[in-house]
Structures are given as C-alpha cells and as structure tokens.
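Participant: fold the following for me, if possible:
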Amino acid sequence: MAESALPIRMLHDRILVDPGEEAGERKSSAGIVIPATASMGKRLVWGKVVAAGPHVRQANLGDTVLYDPEELAEVELEGTAYVLLRERDVHAISEPAEQSRSGMYL
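Facilitator: Below is the predicted model of the structure:
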C-alpha cells in the first residue's frame, strides 16, 4: 500500500477518508437546499481514500468509497476534517467508468 502525504501512519484495517462536500448540505434535483441535519432515510455517502493501514485489502489510495456517515469518527489533520473507518465499514468502492472504444451503439 502506498504511503499518503499526510503526517499520519494508519494502523491495522483503518481507512482515512476525505468526505468531500457530499456529507454536508446537498441540493435536490429541483435546486432546493437540503441541510445536513434533515431527517431522511438512511443515506450513504461517497468519500475519497487518503490513507490506509497495512491490513487493508480492497481499498487503495485515491479510491472513492461508499460509507454510512452516521457510523464514523472524525479527525482533523492540517486544518482538514477526515473520517476514520474500518475497512469492513466500507459498503462499496466505485469503479472507473468504461469508455466506448468505437463510439457506436449497435
């Protein structure tokens, strides 16, 4: 596993995730702002892996992972808030979009 540029060394199966903007307020398709405190069904969010421990098997640095924001521990490093997860708390890892080779659909 490659080392991150952050001043931290992750242990065991821990993953440090940058939650980005999605974990906070969001907009509906109609443009209505939905505050982060709004009560809705269980909503999972995406974040980017910025550091991973030596026993992490599936996630790599730079991967975008899906996790439950209610089951998290937050930590602040160099003025940026991150989420600390165990690998088993990650629900999915996004795959890069495949691009059509020919651009034609038959």
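Participant: give me the contacts around the helix or strand containing Ala51.
Facilitator: Using DSSP states H and E, Ala51 sits within strand 45-52. Contacts of strand 45-52 with the rest of the structure, by C-beta atoms under 8 Å, 6 or more residues apart in numbering, involve 1, 4, 6, 8, 10, 14-20, 22-23, 59-69, 82-83, 94. Bear in mind the C-beta positions are built from the backbone N, C-alpha and C, glycine included.
Participant: which residues does the spatially most central residue of the chain bridge with?
Facilitator: The chain has Gly47 as the residue nearest its centroid, 1.7 Å off, counting by C-alpha atoms, centre = their mean. In this entry, Gly47 is beta-bridged to Val65, by DSSP bridges.
Participant: now it: how far from Gly20?
Facilitator: 6 Å (C-beta to C-beta, to the nearest Å).
Participant: before we move on, what about Tyr67?
Facilitator: Counting by C-beta to C-beta, the separation of Tyr67 from Gly20 is 12 Å.
Participant: who has more neighbours, the two?
Facilitator: Neighbours were counted for Tyr67 and for Gly20 using other C-beta atoms under 10 Å; Tyr67 has more, 22 against 12.
Participant: contacts only, for that one.
Facilitator: Going by C-beta under 8 Å, 6+ apart, Tyr67 touches Val17, Leu44, Val45, Gly47, Val83, Leu85, Asp89, Val90, His91.
Participant: do that again at 10 Å, thanks
Facilitator: By C-beta atoms under 10 Å, 6 or more residues apart in numbering, the contact set of Tyr67 is 15, 17, 19, 23, 44-47, 83, 85-86, 89-92.
Participant: give me phi/psi at it?
Facilitator: Phi and psi for Tyr67, reported as degrees, to the nearest 10, are phi -150, psi 170.
Participant: quick check: neighbours shared by Gly47 and Gly20?
Facilitator: Thr64.
Participant: circling back: closest to Pro54 among the contacts of Tyr67?
Facilitator: Using C-beta to C-beta, Ile15 is the member of those that lies nearest Pro54, at 11.7 Å.
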